[in-house]
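[1] My questions are about this predicted structure, shown below with the sequence.
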Amino acid sequence: MIDLTPTTARTAALAANVDDSQLSDPTPIDAPVSQLLHHLLGLTVAFHDAAAKIEGPTTNTPPAPTTGPLPDGWRDLLAQRLAELGAAWQDPAAWDGMTMAGGVRFPAEVCGLVAMDEVLLHGWDLAVATGQAYQPSREELEAILPIVTPNPDPEAAAAEREGMFGEPVTVREDAPLLDRVLGLAGRDPAWSAAG
């Protein structure tokens, strides 16, 4: 069991500082800021419900890109959903047994780490897209390292990473842990909106 609240609170603070003029700006995931925020709004519900072992439309449906305007009050809504997500995984029972998110059934302890991974990586996406500082703790990065590290079997790795991560990006072995995690997750740590 690990505390997701530092991760969720950091991403909520980033979202609160996004200016409306930045919503159409590019992000490292080849989607505009608004689409990334839509994704965060959706995944927070899915992984909150996964913690409660709820099976239904929020957990058994693979994520799909959402376009169009963000809902009114999206900053407050996202902050609320992120706080609820962090709180849901504070319950030790959330980490026991099996659960489902994104249409995938897996051990709850893995699901909790995937939830952290999603919020942490998309927090970085949002930070670099909007020119904000971002530095997760070493504990957070070490917790998600197994999630982003490819399976040594290339065929299994391709199946496991499909829809979650791009091809790993080569990063120096002595690079900061954040850069290594980003590279393993298929992100270029040097990405910038300027290209």
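    Happy to help now that I have it.
[2] who touches the closest residue to residue 137 other than its chain neighbours in this structure?
    Nearest non-adjacent residue to residue 137, counting by C-beta to C-beta, 6 or more residues apart in numbering: residue 6, 6.6 Å away. All C-beta atoms are positioned from the backbone trio N, CA, C, and that covers glycine. Residue 6 sits next to 136, 137, 140 when contact means C-beta atoms under 8 Å, 6 or more residues apart in numbering.
[3] Buried subset of those, written for PyMOL?
    Command for PyMOL that selects the buried part of those, burial taken from 16 or more other C-beta atoms under 10 Å:
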select buried, resi 136+140
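[4] what helix or strand does the residue positioned nearest the centre of the chain sit in?
    When C-alpha atoms, centre = their mean is applied to the chain, the residue found nearest the centroid is residue 118 (1.6 Å). Here residue 118 sits within helix 108-129, counting by DSSP states H and E.
[5] that older thread, give me the pLDDT for the closest residue to the residue nearest to the centre of the chain other than its chain neighbours.
    Among residues not flanking residue 118 along the chain, residue 43 sits closest, at 5.3 Å (C-beta to C-beta, 6+ apart). Looking at residue 43, its pLDDT stands at 95.
[6] Quick one: the strands in this structure, in order.
    98-101, 104-107 (DSSP state E).
[7] what residues are up against residue 101?
    Counting by C-beta under 8 Å, 6+ apart, residue 101 makes contact with 46, 47, 49, 50, 59, 111, 114, 115.
[8] Would you format those residues as TSV with distance to residue 90 and neighbour count included?
    Output for the contacts of residue 101, formatted as TSV (distance: C-beta to C-beta, whole Å; neighbours: other C-beta atoms under 10 Å):
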residue	distance to residue 90	neighbour count
46	18	24
47	13	28
49	15	21
50	14	29
59	19	23
111	15	26
114	17	19
115	12	28
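[9] From what I see, the residue nearest to the centre of the chain and residue 47 are in contact.
    Yes. The pair residue 118 / residue 47 is scored as a contact, 7.0 Å apart, by C-beta atoms under 8 Å.
[10] residue contacts, residue 145?
    177, 181, 184 are the contacts of residue 145 under C-beta under 8 Å, 6+ apart.
[11] Give me the spatial nearest neighbour of the last one, chain neighbours excluded.
    Take residue 184 and drop its neighbours on the chain: the residue closest to it by C-beta to C-beta, 6+ apart is residue 148, 4.1 Å away.
[12] ok, now which ones touch that neighbour?
    Counting by C-beta under 8 Å, 6+ apart, residue 148 makes contact with 117, 121, 165, 181, 184, 185.
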